[in-house]
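Q: give me a 3D structure for the following:
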Amino acid sequence: MSLEQLVIKYISSAEKVFASMQRTNGSLNVTEEQVENLIRYAKDYLQDAKYYKTQKNLEVALTSIAYCEGLLDALKLIGAARFEWPTNQPTKP
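A: Sure, this is the predicted structure:
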């Protein structure tokens, strides 16, 4: 599958989810177990990205690391994790 086909596939899937998704009302109750599961999923996607990179399957590697970043951002947004993304600025000696 080409990179363009992958992009089309994932955009289509996301559009379908947004079209059918229903918001839940009220405050969120996220358990420690659920947070740990999300962290584990993010780590698994990171490992997948590394694996597919070594296999030269860069499309899947990119998709995997994007999933990882999305889960990390979600954890940060709900207040379950604190971190800052590294910048590309050179470090001072």
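
Q: so where's this protein shaky on pLDDT?
A: 88-93 (pLDDT under 70).

Q: helix or strand for E36, which one?
A: helix 32-54 (DSSP states H and E).

Q: who does the next helix or strand after that helix touch, helix- and strand-wise?
A: Proceeding N to C from helix 32-54, the next assigned helix or strand is helix 58-77, under DSSP H and E. Where contact means 3 or more Cβ pairs under 8 Å, 6 or more residues apart in numbering; DSSP states H and E, helix 58-77 is packed against helix 3-20, helix 32-54. Backbone N, C-alpha and C define where each C-beta goes, glycine included.

Q: pick the most deeply packed of the ones you listed.
A: Ranked by mean neighbour count, the helices and strands packed on helix 58-77 are led by helix 32-54 with a mean of 14 (mean count of other Cβ atoms under 10 Å).

Q: return the distance of V35 relative to E15.
A: 28 Å (Cβ to Cβ, to the nearest Å).

Q: oh, I was asking about T63
A: T63 is 17 Å from E15, by Cβ to Cβ.

Q: and L75, by the same measure?
A: From L75 across to E15, the span is 24 Å (Cβ to Cβ).
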